[in-house]
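Asker: make a model of this:
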Amino acid sequence: MAQNLDLRVALVQTDLHWQDKTANLAMLEEKIWSLKNSCDLIILPEMFPTGFSMDSSTLAEPMNLQVHKWMKQLATQTESVITGTVIISEGENYYNRLLWVEPDGTTQSYDKRHLFRMANEDASFAPGEELPIFSLKGWKICPQICYDLRFPVWSRNRWKKGKAAYDLLFYVASWPAARISAWDALLPARAIENLSYCLGVNRVGIDGNQIAYNGHTAAYDFKGETLANLEDREQIQVIHLNYTALEEYRSKFPAWKDADSYSLHP
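Answerer: Prediction:
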């Protein structure tokens with residue numbers, strides 16, 4: 001498919017019921033249906049079925065169980081890709097796993113690489129080793145999860161024969177209000193340094209550990225200019241991303257040609 005189509009992306013900023021999958025899936029289903037099939041991609045916050053919980057052994061489920069099946073059903077019904085992270089068990093490990101579920105049920109995943117040790121996430125989950133690039137309507141899309149935002153090498157765009165590894169970088173998060181200034185600063189920085197659109201979807205409300213979240217879900221273009229900012233309100237916003245504008249800017253301002261060469265070994 002030609003890469004000159006807008007990408008319609010729904011940013012879902014919501015409160016979450018603490019460790020209650022049934023309540024969260026019911027609430028999110030109602031929100032998603034309000035979009036009336038108007039999107040190509042629907043992005044949910046980190047650990048949207050449970051909240052940011054370290055109780056991995058109790059809350060985890062294997063692939064293709066309750067939450068994954070719910071995502072498949074909604075993706076088919078809405079004809080949209082749905083993505084967000086779920087606590088997944090695999091073998092003896094638990095993962096904070098982002099699922100990328102397409103309308104035909106095809107699923108790809110990314111396991112969170114940088115685990116937030118200040119909340120003991122590294123003691124409850126295994127880190128990911130691979131960073132996939134997803135495709136949608138000709139766009140190349142790079143997934144990231146919350147704490148990954150603080151580590152720019154992991155999200156660094158790579159260029160080969162004048163082509164970028166990705167065109168859109170997105171983060172799903174449970175980023176606390178106490179450190180929201182870092183979120184606000186780093187999201188546009190990632191857009192600028194990678195010559196890419198950059199989106200960040202965060203939650204609102206107070207979780208079961210009495211941690212407060214104030215959203216600031218946002219979208220930035222390849223120059224770091226704000227396309228959307230949901231501030232601290234529980235809401236959904238659909239944004240339109242233009243591929244032609246991105247390519248034109250990359251051509252006029254090819255900073256990627258002067259990027260440092262390096263290799264990354266997890």
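
Asker: what lines up beside the worst-scoring helix or strand of the chain on mean pLDDT in the sheet?
Answerer: Within the chain, confidence by mean pLDDT, DSSP states H and E is lowest for strand 159-160 among all helices and strands, at a mean of 93. If you go by DSSP bridges, strand 159-160 pairs up with strand 163-164 (antiparallel).

Asker: need the residues that contact the partner strand.
Answerer: 140, 157, 158, 194, 195, 196, 250, 256 (C-beta atoms under 8 Å, 6 or more residues apart in numbering). The C-beta positions use only the backbone N, C-alpha and C, and glycine is treated the same way.

Asker: for those residues, give me JSON lines that also has distance to residue 66.
Answerer: Listed next are those as JSON lines, based on distance: C-beta to C-beta, whole Å:
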{"residue": "140", "distance to residue 66": "31"}
{"residue": "157", "distance to residue 66": "35"}
{"residue": "158", "distance to residue 66": "36"}
{"residue": "194", "distance to residue 66": "35"}
{"residue": "195", "distance to residue 66": "39"}
{"residue": "196", "distance to residue 66": "34"}
{"residue": "250", "distance to residue 66": "42"}
{"residue": "256", "distance to residue 66": "42"}
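
Asker: list buried residues within these.
Answerer: Burial by neighbour count, 16 or more other C-beta atoms under 10 Å: within the contacts of strand 163-164 this picks out 140, 157, 194, 195, 196, 250, 256.

Asker: next, give phi and psi for the third one.
Answerer: According to degrees, to the nearest 10, the main-chain angles of residue 194 amount to phi -100, psi 0.

Asker: show me where the stretch 51-200 of the chain has its strands.
Answerer: 81-90, 93-101, 107-111, 134-136, 139-145, 159-160, 163-164, 168-172, 197-201 (DSSP state E, counting those that start in this stretch).

Asker: which elements pack onto the fifth one?
Answerer: Where contact means 3 or more C-beta pairs under 8 Å, 6 or more residues apart in numbering; DSSP states H and E, strand 139-145 is packed against strand 93-101, strand 107-111, strand 134-136, strand 168-172.

Asker: C-alpha coordinates for that strand, PDB please?
Answerer: What follows is strand 139-145, C-alpha atoms only, in PDB (Å, rounded to 0.1, in the frame of the first residue of the first chain):
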ATOM      1  CA  TRP A 139       3.900   2.800   8.100                       C
ATOM      2  CA  LYS A 140       6.800   1.300  10.200                       C
ATOM      3  CA  ILE A 141       6.000   1.600  13.900                       C
ATOM      4  CA  CYS A 142       8.200   1.200  17.000                       C
ATOM      5  CA  PRO A 143       6.700   0.200  20.300                       C
ATOM      6  CA  GLN A 144       8.100   1.200  23.700                       C
ATOM      7  CA  ILE A 145       6.900   0.900  27.300                       C
END
